[in-house]
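**Student:** could you work out the structure for the sequence below:
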Amino acid sequence: RLYQIPFEMPSCEEPSESRTLHLVGDFSAPAEFFVTLGVFSFLYAMAALVLYLRFHSLYGENKKLPMADFCVTVCFAFFWLVAAAAWGKGLTDVKAATRPASLIAAMAVCRDEVVCGAGPTPAMGLANISVVR
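**Tutor:** The predicted structure follows:
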């Protein structure tokens, strides 16, 4: 929810005053989907573990239970792939919205005679690793 993050920019009219700008974009949905799927996957894994260890004979005798377990596992694997792709796209969008050059382009003071420098690009290594995992 980048729109909740304010940053200060000097005013063009009064140099002593500043103007508050907000970032643009809400990229929380992919992250929420990724986390929700992770929680449900963990809960299903714990339930399946209880089923395998505690009710092993029921699992071995019933022919439909292993097939249902297989189908649910395949669905979780597919949704995990979708969630990882969505999280990757969300991270790319966050990077584009917070790129220093994009922020400078949004500042009115930098469009006039004032020369603004972008500075270094922020390190996104840990965020990139979160998508790879």
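
**Student:** ok now the helix or strand hosting Ile104, how far from the chain's centre?
**Tutor:** According to DSSP states H and E, Ile104 maps onto helix 100-106. Mean-position distance between helix 100-106 and its chain equals 22 Å (C-alpha atoms, centre = their mean, to the nearest Å).

**Student:** immediately after that helix, which helix or strand?
**Tutor:** Using DSSP H and E, the first helix or strand after helix 100-106 is helix 125-132.

**Student:** need the contact partners of stretch 71-81.
**Tutor:** Contacts of stretch 71-81 with the rest of the structure, by C-beta atoms under 8 Å, 6 or more residues apart in numbering, involve Leu37, Phe40, Ser41, Tyr44. For glycine as for every other residue, the C-beta is placed from the backbone atoms N, C-alpha and C.

**Student:** those residues in strands, which ones?
**Tutor:** Nothing among the contacts of stretch 71-81 maps onto strands, per DSSP state E.

**Student:** got the buried residues for whatever helix or strand Ala84 lives in?
**Tutor:** According to DSSP H and E, Ala84 maps onto helix 64-98. Neighbour counts over helix 64-98 (16 or more other C-beta atoms under 10 Å) mark 76, 79, 83-84, 86-88, 90-91, 94-95, 97-98 as buried.

**Student:** just to revisit the earlier point, buried ones among the contacts of stretch 71-81?
**Tutor:** For those, buried by 16+ other C-beta under 10 Å: Leu37, Ser41.

**Student:** reformat the contacts of stretch 71-81 as CSV; add pLDDT and distance to Ile104.
**Tutor:** Listed next are the contacts of stretch 71-81 as CSV, based on pLDDT from 0 to 100; distance: C-beta to C-beta, whole Å:
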residue, pLDDT, distance to Ile104
Leu37, 93, 36
Phe40, 95, 41
Ser41, 94, 41
Tyr44, 95, 46
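
**Student:** whichever strand or helix holds Phe33 to helix 125-132, inter-axis angle?
**Tutor:** Element membership for Phe33 (DSSP H and E) is helix 28-54. In terms of direction (axes from the mean of the first three to the mean of the last three C-alpha atoms, to 10 degrees), helix 28-54 departs from helix 125-132 by 50 degrees.
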